[in-house]
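# Predicted structure and sequence below. I'll ask about it afterward.
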Protein chains: 2
Amino acid sequence: VRVGAYSIGVDLGGTNLRVAAATESGEILQKISVPTVLTGGPARVIDDMVDAIRALREEVASSDLRGIGVAVPGFVDVKAGVMVVCVNLPGFEGFPIRDEVQRRLGIPILLENDGNAAALGEKWIGAGKDVQDLALLTLGTGIGGGIIGDGKVQRGFLGMAGEIGHMTIYPDGNPCGCGNFGCLEKHASASAITAMANMMGIEARKLDSQELHTLALAGNEKAQMVFDAVGRALGIAIANLANLLNYPLFLLSGGPLAAWDQFAPSMFAEVNKRSFVFRDSRARIEKAILGSNAGLLGAAYLPFSEQAAAPVKTMAGRGL
Amino acid sequence: VRVGAYSIGVDLGGTNLRVAAATESGEILQKISVPTVLTGGPARVIDDMVDAIRALREEVASSDLRGIGVAVPGFVDVKAGVMVVCVNLPGFEGFPIRDEVQRRLGIPILLENDGNAAALGEKWIGAGKDVQDLALLTLGTGIGGGIIGDGKVQRGFLGMAGEIGHMTIYPDGNPCGCGNFGCLEKHASASAITAMANMMGIEARKLDSQELHTLALAGNEKAQMVFDAVGRALGIAIANLANLLNYPLFLLSGGPLAAWDQFAPSMFAEVNKRSFVFRDSRARIEKAILGSNAGLLGAAYLPFSEQAAAPVKTMAGRGL
């Protein structure tokens, strides 16, 4: 099909490198997914990314490419176009991703943290398209996500904002690798669900949230207790977000969402008890709808966004 | 003195109605304070406010009045120019403060919540004048404050953002009138300090934070324990703020600040343990410097601010 303006989004993950072309209204034109080959370091990954983008461009019948957004798994210094912290991709910290890809393709590149990109994707054409403010919590190995305020990614002054997974919800709760105790992600992530199921001595083929959901539906009280704990933890965290931000919408995504019916009752009970702002403003908690494409789509939105046009805030005085 | 452009700030409190004229650089030209007379309802308060503003204008040798900012003790619908929730001033909920004052004076009026105005004042000419992002926590009867992001008040979608005092820090902590347990303000406000001193059976002429500070300095271990608890509570809350917002600066104000040396050690220990974002971004916690003038000055800043020029976000679809 012939199209008008389009953009390209890239989701650089530790396992897969995905690239998609999208129209200004969020229609995906083409998609490519290749494995992320980490053995050759950043140079090889950038080679593969550039190749995939070129292949995609050839398949799109438009010369009006507005820009390329790249979602990356780390904290981003947007001004410098680099990840300042990146745990999962060896060698990428400080590597000039933006300038390198830009140099090879001659097209403006915008970097964004993958959790922020996912939140932006949901805001663009997902569950948040009718609001200007939302927070997304993605329940996975940890809890990632992002905060969108007034339609824009809230990055903080060094790109580290939105670490919702490390909110302290139980000051003496489970220990976390970040040095804290009682981080939300140690009480409500997919991994935490499995760990709690283990603690409960639940016997199942696989202790993931799907299997536990099946058990809970069948009346297994231990599995129900695990989801009850997950809902309470999420409720405390979302109550805090509501009191601080007064946003109209909080979105959840990730595997455990399939068990919504099991954890939602305790989650809503908790958030309604703990946040008069949530109650009085009739805020909502809903399922995100873009699934694992959220980050890819958010990346594709970047060239179309208001923030792409705005001057980048400097990080002056931080010596970074 | 003859001056150029100036603005007028009003701080409408439950006890005093204060009005100040300020230059664009934050110099206070004149100040008036009168008691807030609540017996005549909003009409009488508006009369007094208009009189005070007129009196002040006569004393300022400039005809270039840019506008009037009014800080009010309640949640503000900025678009409608009314308080949607106001606990301390009977009859003010829904009263058209902005339009009424504007009609009488013929000058643009901007309303703002007093906690937000205080944070804005500190950003303008206080402890936060060198940053774009900060959160202020004022330790008083409760814990008020506000959040300034990218130089602008973060209001949320119904003007209820910044309720830092109601962040859950201990899920099973002290009960709060808002319906929650373990709100920050039940563990770290001036009132909470007095309550904890009472629980400890501390004997003193007056159980306020000043008196307790004196006792703690003299080696009273019970008083030291109270401040230790206050510091830990503040540390948990600020760690959460840092992880969510990645702001460079968190400010504290209020009477208990005099006891900084007593609560700061446990506060910093806690925030450093609980927030890698705080640690890694070398964020700061400091004393606010404008004291009880912060709200008045923030109100005076409103007519000069970027937000004054920007179109007001609608609250469409909320039926308010």
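Everything's here; your move. Residues are numbered from 1 along each chain as shown, chains lettered A, B, ... in the order given.

# In chain A, which helix is the longest?
Counting by DSSP state H, the longest helix found in chain A is helix A:221-245.

# May I see the buried residues of that helix?
By neighbour count on 16 or more other CB atoms under 10 Å in any protein chain shown, the buried set for helix A:221-245 is A:222-224, A:226-245. Glycine gets a C-beta too; all of them are placed from N, C-alpha and C.

# buried sites along stretch A:71-85?
A:71-78, A:80-85.

# Surely A:Leu251 is in a helix?
No - remark: A:Leu251 does not belong to a helix; assigned using DSSP: H, G, I helix; E, B strand; the rest coil, it is strand.

# roughly how far apart are it and chain B?
Computed as CB to the nearest CB, to the nearest Å, the A:Leu251 to chain B distance reads 15 Å.

# likewise A:Phe95?
Distance from A:Phe95 to chain B, by CB to the nearest CB: 19 Å.

# Setting aside sequence neighbours, what's the nearest residue to that residue?
A:Pro42 (4.4 Å; CB to CB, 6 or more residues apart in numbering or on different chains).

# Is that neighbour located within a helix, as I assumed?
Yes - secondary structure of A:Pro42 (three-state DSSP): part of a helix.

# list the contacts for it?
Shown in contact with A:Pro42 (CB atoms under 8 Å, 6 or more residues apart in numbering or on different chains): A:Leu89, A:Gly91, A:Phe92, A:Phe95, A:Ile97.

# Now the two most distant members of those.
Farthest-apart pair in the contacts of A:Pro42 is A:Gly91 and A:Ile97; separation 11.1 Å (CB to CB).

# How about the residues of the stretch 1-150 of chain A by chain B?
A:Val85, A:Val131, A:Gln132, A:Asp133, A:Ile147, A:Gly149, A:Asp150 (CB under 8 Å from any CB of the partner chain).

# For these, give me CSV that also has pLDDT and secondary structure.
Output for the residues of the stretch 1-150 of chain A next to chain B, formatted as CSV (pLDDT from 0 to 100; DSSP: H, G, I helix; E, B strand; the rest coil):
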residue, pLDDT, secondary structure
A:Val85, 89, strand
A:Val131, 97, coil
A:Gln132, 96, coil
A:Asp133, 98, coil
A:Ile147, 98, strand
A:Gly149, 96, strand
A:Asp150, 94, coil
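
# Buried only: go through these for me.
Buried among the residues of the stretch 1-150 of chain A next to chain B by 16+ other CB under 10 Å: A:Val85, A:Val131, A:Gln132, A:Asp133, A:Ile147, A:Gly149.

# Taking strand A:249-253 as reference, get the angle to the longest helix of chain A.
In terms of direction (axes from the mean of the first three to the mean of the last three CA atoms, to 10 degrees), helix A:221-245 departs from strand A:249-253 by 140 degrees.

# what's helix A:221-245 packed up against?
strand A:134-139, helix A:185-188, helix A:190-199, helix A:209-217, strand A:249-253, helix A:260-274, helix A:276-280, helix B:221-245 (3 or more CB pairs under 8 Å, 6 or more residues apart in numbering or on different chains; DSSP states H and E).

# I'd like these as a markdown table, with distance to B:Gly142 and mean pLDDT appended.
Output for the helices and strands packed on helix A:221-245, formatted as a markdown table (distance: least, CB to CB, whole Å; pLDDT from 0 to 100):
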| stretch | distance to B:Gly142 | mean pLDDT |
| --- | --- | --- |
| strand A:134-139 | 25 | 98 |
| helix A:185-188 | 28 | 98 |
| helix A:190-199 | 33 | 97 |
| helix A:209-217 | 39 | 97 |
| strand A:249-253 | 25 | 98 |
| helix A:260-274 | 16 | 98 |
| helix A:276-280 | 13 | 96 |
| helix B:221-245 | 13 | 98 |
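
# Now distance to B:Lys206 too, for those, in CSV please.
Below are these laid out as CSV (distance: least, CB to CB, whole Å):
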stretch, distance to B:Lys206
strand A:134-139, 43
helix A:185-188, 42
helix A:190-199, 47
helix A:209-217, 55
strand A:249-253, 44
helix A:260-274, 33
helix A:276-280, 32
helix B:221-245, 13
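
# of all the ones you listed, which lies closest to A:Gly162?
Nearest to A:Gly162 among the helices and strands packed on helix A:221-245 is helix B:221-245; the distance by CB to CB comes to 6.8 Å.

# Neighbours of A:Glu27, how many?
12 (other CB atoms under 10 Å in any protein chain shown).

# What distance do you get for it to A:Ile125?
Separation of A:Glu27 from A:Ile125 (CB to CB, to the nearest Å): 9 Å.

# re earlier: of the contacts of A:Pro42, which is the most crowded?
Busiest of the contacts of A:Pro42 [other CB under 10 Å] is A:Ile97, holding 27 neighbours.

# just to revisit the earlier point, off-centre distance for the longest helix of chain A?
19 Å (CA atoms, centre = their mean, to the nearest Å).
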